[in-house]
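Participant: sequence unknown, structure follows:
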C-alpha cells in the first residue's frame, strides 16, 4: 500500500519506518530541509533503539522516501498520516495550528479519494474540524480518521510492530476496511483492532495516558507516606501488584513523570474537561502533585546539607526523562538541576544519550562527563535521576575513590539500601528507609 506521513518527528518517523518495514511504500514529508537531507542518508535524528537500523534498511530497499514537496509526497498515497506537533498552550490546551494549517494545504492538492489519519494526540472533536476543512475546500470525497499512537519511548519500534491494540476512529465502512487491511500484518497474533467513532478514539488516548500518570502519581504519594511511617514501598508495591485487579505495571515510585506525552496529555484532558464545564478534580491533583514530586530530590539534598550548597559539587546520573531515549522534555532532571543551581551548587552530569539535548538548555552552566565515573570527581553527593541499566550495578570501588563524600540520593530506587549500608553510604531513596551511618550524622558532617 502507498502511504504518506506528514511530519518526521518522533511519531511520524516511527510510523513511516515501521509501515515501510512491512512492505508498504512510504513517503515522509517535512518542511525542514536539513532534517530531510539527514534522513535520506539513513541517519536518525533521535535516539530510539532499532529505529536507525530499520530506517537505513528500508531506504536501501526503496520502501521509504523523504521529501519537502507536499504535492509530491501525497500524489499517489491511499492514506495520509498527520504526525504533527500539538504543543500545549499557556492554558494547557493542545495547539492544533500545525494540523489545521496542513489540512488546508492538503485540500489544495487532493484529486482522488484519500483517507486522512490523525496520528497526533489531539483533543476530542479534532477529526471533525479537519473533516470540515476538506468538506469545504475539496471537491473530492475524503475520510478523516483518528488513529492514536500508543508508543513508549525506548520501546517504540516494538510497540508499533507488535501493538497491544490498535484504535481506529472512523465513520465510513470504506475507511474502516482500508485501515483494517493496513494494520492486519501487525495483529496476526490476535491482538485486537478496535473500531469506534473518532471522538471516542481521540478520548481513548488521553484517557490511557492520564490514567497511567495517575497510577505513577499515586505511587509517588504512597512512597512519600512510606518514608513517614517507616514502611518499604518496594514491599507495598509487590503486595499491591499481586492483585489481578491492579497489576504490576506503573507502580514504581520516583521523581515524577515527564516526557512528551504524560504532562501534555494530562494538561490537555484537564483543559478539555474545563471547556465542557466539568471540574476534573483528580487530574488537578495529579498535575499539582507531580509538579511537587519533580523537585523532591532537590529538597532532600538541600535538607541534608542544611540548604548551604555554595561551593558544593553535585554529580547527576541521568538527564533523559526515562532510559533508552534522548528525550528531555519535561524531564525531572531539568527541574532538579535548576533548583540545585539556584541554591549555589555546581553540577556535573552524565547521560548515555541525552547530553547533547541538555547542553541546548543548560549550556556551560553545568559540566558534562564522558562517562558516569568522571562526573564523580570531588562530588559531595550523587543523584540518580534516570534508571539507565548501567547505573544499576556500578563499580563502587571507583565511586568511593572519586567522591568526596559517600552520599547518594536515588530518585529511581535502582540501588538497594542493604548494599549501601555495607559500603558505608548515606543513602536516601524514594519510599524506603534512609541509610544514615553514624559518621555522616548532620551535626558532624563536614560540608566543605
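Facilitator: Okay, I see it. Note that the structure is predicted; figures quoted are calculated from it, not measured. Numbers count the residues shown, from 1 in each chain.
Participant: Count the neighbours of the closest residue in space to residue 91 that isn't next to it in sequence for me.
Facilitator: Residue nearest to residue 91 in three dimensions, not counting chain neighbours: residue 271, with 6.2 Å by Cβ to Cβ, 6 or more residues apart in numbering. Where you see a C-beta, it was placed from the backbone N, CA and C, and this is true even at glycine. Neighbours of residue 271 under the rule other Cβ atoms under 10 Å: 18.
Participant: so residue 271 is in which element?
Facilitator: Residue 271 belongs to helix 262-275 when assigned by DSSP states H and E.
Participant: cool, residue 433 as well?
Facilitator: Residue 433 belongs to no helix or strand, assigned by DSSP H and E.
Participant: do you know how far it is from residue 417?
Facilitator: Residue 433 sits 6 Å away from residue 417 when distances are taken as Cβ to Cβ, to the nearest Å.
Participant: Who has more neighbours out of the two?
Facilitator: residue 417 (19 against 16).
Participant: Isn't that one up against residue 427?
Facilitator: Yes: at 5.9 Å, residue 417 and residue 427 qualify as touching, with contact defined as Cβ atoms under 8 Å.
Participant: what kind of secondary structure is residue 183 in?
Facilitator: Following DSSP: H, G, I helix; E, B strand; the rest coil, residue 183 is assigned to helix.
Participant: ok so, going back, can you list residues touching both of residue 417 and residue 427?
Facilitator: Taking Cβ atoms under 8 Å, 6 or more residues apart in numbering as the criterion, residue 417 and residue 427 both touch residue 435.
Participant: looking at the sheet around residue 146, what are its partners?
Facilitator: residue 118, residue 169 (DSSP bridges).
Participant: Can you check the pLDDT for it?
Facilitator: pLDDT for residue 146: 98.
Participant: And residue 445, by the same measure?
Facilitator: 44.
Participant: And the helices in the stretch 301-448 of the chain?
Facilitator: Using DSSP state H, counting those that start in this stretch, the helices of the stretch 301-448 of the chain run over residues 332-342, 355-362, 396-402, 417-422.
Participant: Residue 161 is nearest to which of those helices?
Facilitator: With Cβ to Cβ as the measure, helix 355-362 is the member of the helices of the stretch 301-448 of the chain nearest residue 161 (26.1 Å).
Participant: buried sites along that closest one?
Facilitator: When burial is assessed from 16 or more other Cβ atoms under 10 Å, helix 355-362 yields the following buried residues: 355, 357-358, 362.
Participant: okay, now the domains of this structure?
Facilitator: 2-194, 205-293, 296-444 (automatic domain parsing).
Participant: what's the average pLDDT for the second one?
Facilitator: Average pLDDT, domain 205-293: 95.
Participant: Now the terminal residues of it, how far apart.
Facilitator: 24 Å (Cα to Cα, to the nearest Å).
Participant: Please name every helix or strand in contact with the strand or helix carrying residue 159.
Facilitator: When elements are assigned from DSSP H and E, residue 159 belongs to helix 156-161. Judged by 3 or more Cβ pairs under 8 Å, 6 or more residues apart in numbering; DSSP states H and E, helix 156-161 is in contact with helix 10-21, helix 51-60.
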